[in-house]
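Q: prediction below, plus the sequence it came from.
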Amino acid sequence: MSVEDRLYVEARRRKGLWEASRYRILRRITQGLFLAVFLTGPLFGLWIAKGTLASSMTFGVLPLTDPFVLVQSLAARHWPELTAVIGAAIVLAGYLIFGGRSYCAWVCPLNPVADFAGWLRQRLGVTHSARLRPAFRNYLAFGVIAVSAVTGAVAWELVNPITAFHRALVFGMWFGLAGAGAVFVFDLLVAKHGWCGHICPVGAAYGAIGKASLLRVAAPARAACDDCMECFAVCPEPHVIPPALRGEKTGASPVILGADCTLCGACIDVCPESVFRFAHRFDTRTEPARRSSGAMAEPIASTSSLAKG
Amino acid sequence: MNANKNSKGGLANPGRRKAFEDVARFGGGAAACAVMLSAFAEQSRARPAQALRPPGALPEKDFLAACVRCGLCVRDCPYKTLKLADWGDGPALGTPYFHARQIPCEMCDNIPCVKACPTGALDHALVDIGKAKMGVAAITSRETCLNLQGLRCDVCYRVCPVIDKAITLERTHNTRTTKHAVFEPVVHADYCTGCGKCEKSCVLTDAAIKVLPVEIAALKQDAHYKRGWIEKEKAGGALVDAPVKLPTRLPDAPLPGVKP
Ligand code: SF4
Ligand code: SF4
Ligand code: SF4
Ligand code: SF4
C-alpha cells in the first residue's frame, strides 16, 4: 500500500477523527471567515470589511494592506498615503507573530482551489509533474518588483489570480474566476503544488516575513517518529520537514524554521505518533522517545522521491 | 558537499554546475516572465477615451503606480458611479473608472471616494470637488447638437452642476434662417470638472457632448508660445520701455536719412 493510500488512516484510528482533521477544518473556517467579512456588505448591507485583499478597511477603523503590493507601489515611485503604510505595517506585524506563509494556508482564497486540485490529482492518479523549484517564486517576486520599478506600475496586480479571484467573489467581476481556473488546471495537470509551491510571488513575499515569524510548527516528539512518511506526503512544502524532524543527531532545533512552511498543520493532523505541534520559534524543547504502539509494521518503500517533492 | 573538495570549484564541479544551471534556468525563466509582464504592463496603459478616472485621480502614469486596485473608492461612492475594471473593460485590470453616459459623478461635497482611497492614488489634496478634473467636456458633434441646429434643447447646460461657469450658452447668428439666434453650448475647461452630467443627459442617441480625459483634451499650453499679455502680467509691467517708433512711409514723405 502506498503512502497516499493509507494517509490519515492510522491517525484517525489512534487520535480520532477530530484530531486527525482538526487543522484542515479550522483552516477552512478561517478561509471562510476572511471571505465572509468582505461578503456581508455586498450581500446583506452589513459592512465589516471593505475593499479587497490588496487593501481593506474593517469597521472603518482598521486598515490592512498587503505589504507586497505596497512594495511594488514604492518601487513604482509612489509614496502612499499614511493609511496604506499603517495598513501594511499592521499586516507585517501580524504575520511576524502568526507566521509568514500562514497567509497561504489560512487566508488566501486560492488555497482551497489549489488543495482541491491536489486532491483530485491524487484521486485521478495524475503522476506527471513538471520540474520546478520552489526558489522560482523568489526570483519571480524580485522580477515583479523590478518590473514595477521599470514600468512605474503596480505590476503583479495586473495578473495576480488571488486578488482577481477575490474581486470576482466580492465585486462580482466574474472574469476573475478565469485566474482561479488557470491555477486549478495548472496544479492538476502541469505540476503538483504548482502554483502555490513554485510560482506565486505573493507567497514568496509572505515567506520572507516567515523567516522571522514567531509562530511555527515544531516536531518536539521527533524521537517517536517511525518513518511512516505520511507528513511528507501531505506537506505542500516537504523540504522544510527534515531539518526539524531528522535533526536529532545534529542537535538541530525541532522547530520547522524553513520559511516555506505554510503552517497548515497538515503534518500535525496526519502524524499518528503526534510528533508535531504548534510552537514558537525559540521553543527547542523535545520530548524523550516513547514506546510506539507498533501499529506501523509495514515496511516503507520508495518514499525518498516524496521527500524531495 | 564533499564533491567541492575534488575540484577547486568552477563549472567542472557537478554540484556547482547544477546550482549554476538552476540559477540560470529558473532565474532565466523568471526574467522571461518579468519581460512578458512588463510588456503587458505597458500595454495596459492604454485607457479607452470614454473611461474616466474618479475625482482627484493622479495623472494616468502616476495613478497606475499608486492604485492598488482595492476598490475602496468604489465601495464608498453612494451613486455606484465607480466600477473596477474587469478583463476586457479597457482600463488596467482592477482599477476604478466610470462611464459618464452610464452613471456620471454626482460631485459629492465631501468627496467620499477620495477620502476612502488608502494610497493617495486619488489625491487627498482635493478637498473642493469643484476643482476636480476627471476630464473635460466638449461638443464633439456640432452637426447633431440640437442647439447648434438652432433649436432650444439646452439640456446639457441646465444639468451642469457648475452652470454658467463650466457651460455657457453663447448667442450667435443663425445663418440658415438668417433671422434667428443660435444658442451654442460652450464648455470652459477652467471650470469643467468632467463629472459627465452633461454627456449623461444629452437627449440624442449618441451624445453630442462628451467628456474626454484631460490627456486627450490636451489642456496644456505649449511653453514656447509666449503670450505677451501674460508675460506682461508676470513681469508686473511692460517688457519693452515704450512703443517702438516706426518711420511713417507716405508716398510723398521723404525717406529718413535721404536728402531730397
Ligand atoms: S511542515 Fe507541516 S505545517 Fe508546514 S507546510 Fe508542511 S505540513 Fe504544513
Ligand atoms: S464624487 Fe461622489 S459621485 Fe463622484 S465618484 Fe466620488 S463618490 Fe462617486
Ligand atoms: S481606493 Fe484608491 S487605491 Fe483603491 S482602487 Fe480606488 S483609487 Fe485605487
Ligand atoms: S462635465 Fe459637463 S456637466 Fe460636468 S462640469 Fe463639465 S460641462 Fe458641466
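A: Structure's in. What do you need? Ligands and ions are numbered 1, 2, ... in the order given.

Q: name the single longest helix found in the chain.
A: You didn't say which chain, so I picked chain A. When chain A is parsed with DSSP state H, its longest helix is helix A:9-44.

Q: was after chain B, sorry
A: helix B:28-43.

Q: tell me the helices and strands packed up against it.
A: Counting contacts by 3 or more CB pairs under 8 Å, 6 or more residues apart in numbering or on different chains; DSSP states H and E, helix B:28-43 packs against helix A:135-151. Using the backbone N, CA and C atoms, a C-beta is placed for each residue, glycine as well.

Q: next, residue B:138: phi, psi?
A: The phi/psi pair for residue B:138 (degrees, to the nearest 10) reads phi -150, psi 140.

Q: identify each buried residue in the helix or strand just after the longest helix of chain A, please.
A: Next in sequence after helix A:9-44, counting helices and strands by DSSP states H and E, comes strand A:49-51. Using 16 or more other CB atoms under 10 Å in any protein chain shown as the burial criterion, the residues of strand A:49-51 that qualify are A:49, A:50, A:51.

Q: next, format those residues as JSON lines and append pLDDT.
A: Output for those, formatted as JSON lines (pLDDT from 0 to 100):
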{"residue": "A:49", "pLDDT": "96"}
{"residue": "A:50", "pLDDT": "96"}
{"residue": "A:51", "pLDDT": "96"}
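
Q: among those residues, which one lies nearest to ligand 2?
A: residue A:50 (13.5 Å; CB to the nearest ligand atom).

Q: separation between the residue lying closest to the closest one once chain neighbours are set aside and residue A:212?
A: Nearest residue to residue A:50, sequence neighbours excluded (CB to CB, 6 or more residues apart in numbering or on different chains): residue B:75, at 4.4 Å. Residue B:75 sits 34 Å away from residue A:212, going by CB to CB, to the nearest Å.

Q: for those two, work out which one has more neighbours and name it.
A: Taking other CB atoms under 10 Å in any protein chain shown, residue B:75 and residue A:212 do not tie; residue B:75 has more neighbours (24 against 11).

Q: next, that one: secondary structure please.
A: Secondary structure assignment for residue B:75 (DSSP: H, G, I helix; E, B strand; the rest coil): helix.

Q: and what of residue B:232?
A: On the basis of three-state DSSP, residue B:232 is classed as helix.

Q: can you list the residues of the stretch 51-200 of chain B near ligand 3?
A: B:67-73, B:96, B:116-117, B:119, B:121-122 (CB under 6 Å from any ligand atom).

Q: from these, which ones fall inside helices?
A: Counted as lying in helices by DSSP H, out of those, are B:72, B:73, B:116.

Q: ranking by neighbours, what's the top pick from those?
A: With neighbours defined as other CB under 10 Å, the most crowded of these is residue B:73; it has 29 neighbours.

Q: contacts only, for the closest residue to that one other than its chain neighbours.
A: Leaving aside its sequence neighbours, residue B:73 sits nearest to residue B:113 (CB to CB, 6+ apart; 4.1 Å). When contacts are counted by CB atoms under 8 Å, 6 or more residues apart in numbering or on different chains, residue B:113 touches B:54, B:55, B:56, B:73, B:74, B:76, B:77, B:82, B:96, B:122.
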